[in-house]
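# Provided below for reference: sequence and predicted model.
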Amino acid sequence: MKKRIIGLDILRDIGVIFIFLYHFCIEYINLAHGTDPIMPSVNYFANIWARPASLFLFIISGYALMYNHENELSIKEYYIRRFKGLFIPFYIAYTIMFLVYFAANNVAAGSTSPLYMFVFTILGVDAMVQEMSGGLGFYLIGEWFMSCIVACYLLFPLFAKLIKKFKYTIFAVLVAWNILLLFFFNPFDIQVEHNPLFVFLYFFVGMLLYELVGKKEISKTTRIICAVVSVAIFVYLLIAGYTAIFPVVLDQPFEIICVIWSITMFLAIRDVDISPEKKIYKVIAYISGISWYVILTHHIIITLLFRHYDISLYSRRETFTMLLLSIALTWASSALVRYFTNRVKKCL
């Protein structure tokens, strides 16, 4: 039995927590038009973490597939395993949220869209298609992350074959491709960071880190240096956002900084050692275990709440209560999706 890497669980937890918090804040501001003056500041803090959180979820995905030796499976076995892990929860979560959406709005999701577009939901890429089609489609859950991870998982067998002999060549090509997309030319009518062709680099970095580091312990010196760099980046972004001491980092430079931050956090935290007997270990492992279900369900829950509650007269205490309600409903729906997912997997 493979040893659980609790450091990767910590990274997943950081990722899902700040992605959740960012979506709560941004929907409070943009969708619900909340007026609490503290929320833009809270949103900035969440946004500092949300992008690197997204990136190291891709890095972890690439690393975990190599760590679990899925590159050694047959193509058929690999895709069956990925289908069970990715699409079964997605279909179950979508079905539940489709019904909840209808119950809340008295209209079916995608009711004005051509029925053939539901095939993009079946394929898990409906968020990307909806963004490119100007709002048409049946998108409800998973967001751009689902579209991107589907593309990454599809290409994993190819990357796994090429990485043995051409790892630095592939890495260089992906870096050059990302520079082209980020600075010069984006051929798609879609935000570049949401483009599946853009995130292949981060997924491949995770695979490359396994090839270079594998199961070997990362040296203490390396971990300390990476921890210092991570903290320094966070402190700089924090000071730049809340004061005028440093210039604020935006757009392309921010993306590059987030890449560096994500990799250094991975190297600094991967080998954290916590006894499985400790309660904190169990909490970390539990949150990590439901993280995929949280990613699938949280945003639509937050959106539905803000659409159906008038928050114009909310005090800060009531806004905090809304946050607690969002967390509770997300946790309940995630637990429900996980339960049905496990039942379906057993049947299969």
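Good, I have the coordinates.
# All the helices of the stretch 51-200 of the chain, residue numbers only.
75-82, 88-105, 118-122, 126-133, 143-179, 196-213 (DSSP state H, counting those that start in this stretch).
# Between the ones you listed, which has the poorest mean confidence score?
Looking at those, the lowest mean pLDDT belongs to helix 126-133 (a mean of 83).
# Tell me which residues of that helix come out buried.
126-131, 133 (16 or more other CB atoms under 10 Å). All C-beta spots, glycine's among them, are computed from the backbone N, C-alpha and C.
# In PDB, could you pull the C-alpha coordinates for it?
Output of helix 126-133 as PDB, limited to C-alpha atoms (Å, rounded to 0.1, in the frame of the first residue of the first chain):
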ATOM      1  CA  ASP A 126     -19.400  22.600 -21.200                       C
ATOM      2  CA  ALA A 127     -17.900  25.500 -19.200                       C
ATOM      3  CA  MET A 128     -15.300  26.200 -21.900                       C
ATOM      4  CA  VAL A 129     -17.900  25.800 -24.700                       C
ATOM      5  CA  GLN A 130     -20.300  28.200 -23.000                       C
ATOM      6  CA  GLU A 131     -17.600  30.800 -22.500                       C
ATOM      7  CA  MET A 132     -16.800  30.600 -26.200                       C
ATOM      8  CA  SER A 133     -20.400  30.500 -27.400                       C
END
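# And the furthest pair within the buried residues of helix 126-133?
127 and 133 (11.0 Å; CB to CB).
# What is the neighbour count of residue 78?
Using other CB atoms under 10 Å, residue 78 has 18 other residues around it.
# Report the spatially nearest residue to it, omitting neighbours in sequence.
Closest residue to residue 78 apart from its sequence neighbours, by CB to CB, 6 or more residues apart in numbering: residue 70 at 5.6 Å.
# That neighbour: how many residues sit nearby?
17.
# can you check residue 152 too?
22.
# Does the residue of the chain positioned farthest from its centre belong to a helix, a strand or coil?
Centroid-distance maximum for the chain: residue 313 at 32.5 Å, with CA atoms, centre = their mean. Classification of residue 313 by DSSP: H, G, I helix; E, B strand; the rest coil places it in coil.
# swap in residue 272?
coil.
# Just give the nearest non-adjacent residue to it, would you?
Nearest one to residue 272, counting by CB to CB, 6+ apart, is residue 7 at 4.2 Å.
# Flag every buried residue along the helix or strand harbouring that neighbour.
Using DSSP states H and E, the element containing residue 7 is helix 6-30. Applying a neighbour-count criterion of 16+ other CB under 10 Å, one finds 6-29 buried in helix 6-30.
# tell me what that helix is packed against?
On a contact count with 3 or more CB pairs under 8 Å, 6 or more residues apart in numbering; DSSP states H and E, helix 6-30 meets helix 39-67, helix 251-269, helix 279-308, helix 316-347.
# Which of those sits closest to residue 205?
helix 39-67 (5.5 Å).
# And residue 310, how far from residue 248?
According to CB to CB, to the nearest Å, residue 310 stands 33 Å off from residue 248.
# Looking at the two, which is more packed in?
residue 248 (13 against 8).
# And what about the more buried one, helix, strand or coil?
Strictly by three-state DSSP, residue 248 counts as coil.
# And it, what's its pLDDT?
So, for residue 248, pLDDT stands at 76.
# list the contacts for it?
Applying CB atoms under 8 Å, 6 or more residues apart in numbering, we find residue 248 in contact with 240-241.
# what's the distance between it and residue 239?
Taken as CB to CB, the span from residue 248 to residue 239 is 10 Å.
# now swap in residue 257 and tell me
In terms of CB to CB, residue 257 sits 14 Å off from residue 239.
# more crowded one of the two?
Under the criterion of other CB under 10 Å, the comparison of residue 257 against residue 239 puts residue 257 first, with 16 against 13.
# Which pLDDT value belongs to the residue most central in space within the chain?
For the chain, the residue nearest the mean C-alpha position is residue 54 (4.2 Å; CA atoms, centre = their mean). Note on residue 54: pLDDT of 88.
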